[in-house]
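K.L.:
Could you look at this predicted model? Sequence included:
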Amino acid sequence: MKRLITMVVALISGAALAGGFELKGDAAKGEAQYKAMCVACHGEKGDGNGPAGAALTPKPTNFAAPDAAARLTDEYTYKVIKEGGAAVGKSPLMVSWAGSMKDDELRNVAAYVLKLKGPAAPAKKK
Ligand code: HEC
């Protein structure tokens with residue numbers, strides 16, 4: 001019986017692993033990274049109005065804009081930060097940060113971005 005329980009527990013946790021992406025980021029820790037490396041373009045509030053972002057075309061994403069907020073799922077956000085904008089069909093001016101941050105730091109900063117975007121708004125119909 002004990003073995004059966006162990007098997008069931010192993011199966012369930014295995015399914016959870018295969019079932020989807022888990023960000024597991026710590027937004028409180030990610031804030032420091034964000035302020036050091038992202039603010040210049042994305043701005044303090046994540047509205048895309050950082051001083052270095054003003055000169056860019058396209059502008060750095062405003063995370064809270066409804067279309068962006070709808071796009072920014074956990075997995076997508078992590079991927080953009082890790083692999084850069086070009087990896088998701090966005091501007092290559094958004095570089096890959098995989099070389100400057102460890103994986104847990106990438107996850108933490110992604111969690112902070114997700115906090116800045118606010119609650120996801122449903123995509124607007126045109
Ligand atoms: C040199 C300016 C610059 C810096 C620094 C920068 N970004 Fe970006 N970021 C951009 C631009 C430009 C885009 C893409 C806008 C577009 O293609 O519409 C972008 C897009 C994004 C997106 C969203 C992509 C989408 O679908 O709109 C995320 C998330 C993001 N950046 C996170 C970060 C994080 C986290 C950092 C800091 C580790 C960071 N960025 C640093 C310029 C920058």
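P.N.:
Yep, that arrived.

K.L.:
List phi and psi for residue 67.
P.N.:
Dihedral angles phi and psi of residue 67 (degrees, to the nearest 10) take the values phi -70, psi -40.

K.L.:
Tell me the predicted confidence for it.
P.N.:
The score at residue 67 is 93. That number is its pLDDT.

K.L.:
ditto for residue 91
P.N.:
Predicted confidence (pLDDT) for residue 91: 97.

K.L.:
ok, now residue 2?
P.N.:
Looking at residue 2, the pLDDT reads 70.

K.L.:
just residue 6 next, same as before
P.N.:
70.

K.L.:
Just after the host helix or strand of it, pick out the following helix or strand.
P.N.:
Counting by DSSP states H and E, the element that carries residue 6 is helix 2-19. Once the chain leaves helix 2-19, the next helix or strand it forms, by DSSP H and E, is helix 27-37.

K.L.:
quick one, what contacts the residue nearest the centre of the chain?
P.N.:
The C-alpha lying nearest the average C-alpha coordinate of the chain belongs to residue 77 (Cα atoms, centre = their mean; 2.7 Å). Residues near residue 77 by Cβ atoms under 8 Å, 6 or more residues apart in numbering: 23, 110, 113, 114. In short, each C-beta sits where N, CA and C put it, glycine included.
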